[in-house]
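In: sequence? don't have it. structure:
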């Protein structure tokens, strides 16, 4: 079986860049059709993070709120969607 994640409309993704101590991490929230597209978009916006970040984590966000007074943000993760299983074409033709 082949697993395909279908997302016709862009979703909200949060990309977390973690750095080595004593530096803090950075979170970027943007829209994309899949997690890989979100990560590539974040790297194109901030290419220096691709080289200096010790790790990168991408997840779908359900809700995001930014407090512009102190610069803090709240991001609520979205539960994973159920996967749709498709049979391989070779299995159907047998």
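Out: Yes, it's here. What you are looking at is a predicted structure, and each value in this text was computed from that prediction instead of being measured. Residues are numbered from 1 along each chain as shown.
In: partners of the longest strand along the chain in the sheet?
Out: Criterion DSSP state E: the longest strand present in the chain is strand 55-67. With DSSP bridges as the test, strand 55-67 is paired with strand 11-18 (antiparallel), strand 72-77 (antiparallel).
In: and for the first one, what's in contact with it?
Out: This means strand 11-18. Contacts with strand 11-18, where a contact means CB atoms under 8 Å, 6 or more residues apart in numbering, come from 25-33, 35, 38-39, 42, 46, 49, 53-62, 64, 75, 77-78. Yep, even glycine has a C-beta here, placed from its N, CA and C like the rest.
In: report the contact partners of residue 67.
Out: Contacts of residue 67 (CB under 8 Å, 6+ apart): 73, 74.
In: that one and residue 33: what is the separation?
Out: For residue 67, the distance to residue 33 equals 28 Å [CB to CB, to the nearest Å].
In: number of nearby residues for residue 16?
Out: 16 (other CB atoms under 10 Å).
In: let the chain start at 66 from now.
Out: Happy to do that; since the first residue is 66 now, the last one works out to residue 81.
In: so who does the residue lying closest to it once chain neighbours are set aside touch?
Out: Once flanking residues are discounted, residue 81 sits nearest to residue 122: 4.6 Å by CB to CB, 6 or more residues apart in numbering. Neighbour list for residue 122: 80, 81, 83 [criterion: CB under 8 Å, 6+ apart].
In: closest to residue 147 out of these?
Out: residue 80 (23.6 Å; CB to CB).
In: show me what the closest one is bridged to.
Out: Residues in beta-bridge contact with residue 80 (DSSP bridges): residue 93, residue 123.
In: mind naming the longest helix for the protein?
Out: Counting residues, the longest helix found in the chain (DSSP state H) is helix 100-110.
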